[in-house]
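Trainee: Okay, here's the prediction I keep looking at, along with the sequence it came from:
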Amino acid sequence: MTVKVALRTLLERSVKKMGKGMNPIVMAAALEMVERAYNEGITVQISAGYRSLEEQANLFGQGRVYSYKGKNYSNLAKPIVTNAKPGQSYHNYGLAIDFFIVSDDGKKAIWTVNSKWQRVAAIGKGLGFKWGGDWSSFKDYPHLEMTGGLSYTQLQAGKKPHITSPKTSKGDGHIMSIQKTINSRYKTSIAVDGVYGPKTRSALIKGLQAELNKLFNKKLVVDGKWGPKTKTAVITIKKGASCNITWILQAALYMKGFNPGTLDGEFGKKTEAALSKYQKASRISADKLAGKVTWNELFA
């Protein structure tokens, strides 16, 4: 039987990896993210935090000829991993972190960008981070940063960022609203804690099963399990759809970190845009249709 890695172990590893040059608020937010993810059944660890200018030069020198302050950092034997020179990375100011998923026992790093990875990024964004996976050009999926709106030039000039401490006393307010609606609409009794954990996921699946039975007579067992019968029974919805299944889609997209706007059950432009972004991030066909593949990616 696999023994799950302790939260304390993940936090201690993360503190060590972030180093001593971190902005204290950014570090607190990073650790809060690790803890919230753990409470949702996702084991995640911070792999990098503060990076000195010399360490940045060493990274920039990979794959190219480069010297910094008279020292040669060229390393053509390795591939290019960054386009940021020393002073051009928020890591150099303790304002950025990298993360990765670990196996449940904490012994193996998992670098696959899947639904768990996207959920951790969503938690981070809810705490005030910006995610490299949202960048339009070079996507940096492990990267999260909290810059206080300052540019590299401003930071180099000595300007200090104003960053607000993350709220750690309760979870996401939108998720709390979703949980309340699920409890009311589908007679569930999940905790209204603002955390997208296994019970909230199961309750959302129950809602989908109930709506499929009600609207399409699918005769599913409403058990909250994503089994073969439910996978087969799901329908395809698209822009213009107006029903509770659209609301469930909107809720699921929000849980994954892709904001569809108002959760009103109306499949409009914002829902379509969020769906398309989610499909691209999940590396499935970005057809803007919520069909079997998309539903399975959301709930599997």
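Mentor: Cool, got the structure. Numbers count the residues shown, from 1 in each chain.

Trainee: how about this protein, which residue sits the furthest from its center?
Mentor: residue 70 (40.0 Å; CA atoms, centre = their mean).

Trainee: ok, now which ones touch it?
Mentor: For residue 70, the contact set (CB atoms under 8 Å, 6 or more residues apart in numbering) is empty. Bear in mind the C-beta positions are built from the backbone N, C-alpha and C, glycine included.

Trainee: Tell me the pLDDT of it.
Mentor: Note for residue 70: predicted pLDDT of 95.

Trainee: what's in contact with stretch 253-265?
Mentor: Stretch 253-265 is contacted by residues 115, 118-119, 121-123, 125, 131, 174-175, 177-178, 181, 196, 200-201, 204, 242-244, 246-247, 249-251, 268, 270-271, 273-275, 277-278, 281, 298 when judged by CB under 8 Å, 6+ apart.

Trainee: Now do the most centrally placed residue in the chain against residue 258, distance only.
Mentor: Centroid-nearest residue in the chain: residue 121, 2.0 Å away (criterion: CA atoms, centre = their mean). Residue 121 sits 10 Å away from residue 258, going by CB to CB, to the nearest Å.

Trainee: quick one: contacts for the residue lying closest to residue 197 once chain neighbours are set aside?
Mentor: Nearest non-adjacent residue to residue 197, counting by CB to CB, 6 or more residues apart in numbering: residue 40, 4.4 Å away. Taking CB under 8 Å, 6+ apart, we find residue 40 in contact with 119, 123, 195, 196, 197, 198.

Trainee: Most neighbours of all those residues, which one?
Mentor: residue 196 (29 neighbours; other CB atoms under 10 Å).

Trainee: thought that residue was touching residue 175?
Mentor: Yes - contact criterion CB atoms under 8 Å: residue 196 and residue 175 qualify, at 5.7 Å.

Trainee: Give me the residue ranges of the stretch 1-150 of the chain where confidence is low.
Mentor: Applying pLDDT under 70 to the stretch 1-150 of the chain flags the ranges 1-2.

Trainee: can you pull out the strands in the stretch 101-250 of the chain?
Mentor: Counting by DSSP state E, counting those that start in this stretch, the stretch 101-250 of the chain has these strands, from start to end: 109-110, 130-131, 143-145.

Trainee: Mind giving me the packing neighbours of the last one?
Mentor: The reference is to strand 143-145. Here strand 143-145 touches strand 96-102, strand 130-131, going by 3 or more CB pairs under 8 Å, 6 or more residues apart in numbering; DSSP states H and E.

Trainee: Reformat those as TSV; add mean neighbour count and distance to residue 227.
Mentor: Shown next, in TSV, are the helices and strands packed on strand 143-145 (neighbours: other CB atoms under 10 Å; distance: least, CB to CB, whole Å):
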stretch	mean neighbour count	distance to residue 227
strand 96-102	23	25
strand 130-131	19	32
